[in-house]
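1. this one's structure only:
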């Protein structure tokens, strides 16, 4: 969201890259970090998504 309150969608999750993303945090490196039911991800300000970890079920995956 910019100073005028305009919201810009950086990425829409489709299911194959995660679903139901939780809250984001913005780290000091400027990137955003968050989780979905199936992954931990990083996103830059341009909306480029990098999956940092995909859960396999035995390590914490939720069910879609």
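-> Here it is on my side, so go on. Everything quoted here is computed from the prediction, not taken from an experiment.
2. please name the residues that touch residue 39.
-> 17, 18, 51, 52, 53, 54, 55 (Cβ atoms under 8 Å, 6 or more residues apart in numbering). To be clear about C-beta, it is placed using only N, CA and C from the backbone, and glycine gets the same treatment.
3. buried among those? Need that as a selection in PyMOL.
-> Buried members of the contacts of residue 39, identified by 16 or more other Cβ atoms under 10 Å, are gathered into one PyMOL selection as follows:
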select buried, resi 17+18+55
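4. which among the contacts of residue 39 gets closest to residue 33?
-> Residue 33 has its nearest neighbour among the contacts of residue 39 in residue 52, at 7.9 Å by Cβ to Cβ.
5. and the closest one, how far from residue 31?
-> 10 Å (Cβ to Cβ, to the nearest Å).
6. check the contact lists of the two and give me the overlap.
-> With Cβ under 8 Å, 6+ apart as the test, residue 52 and residue 31 both reach residue 42.
7. what's around the spatially closest residue to residue 10 that is not a sequence neighbour, how many residues?
-> Excluding its sequence neighbours, the residue lying closest to residue 10 (Cβ to Cβ, 6 or more residues apart in numbering) is residue 47, at 3.6 Å. Residues lying near residue 47 (other Cβ atoms under 10 Å) number 12.
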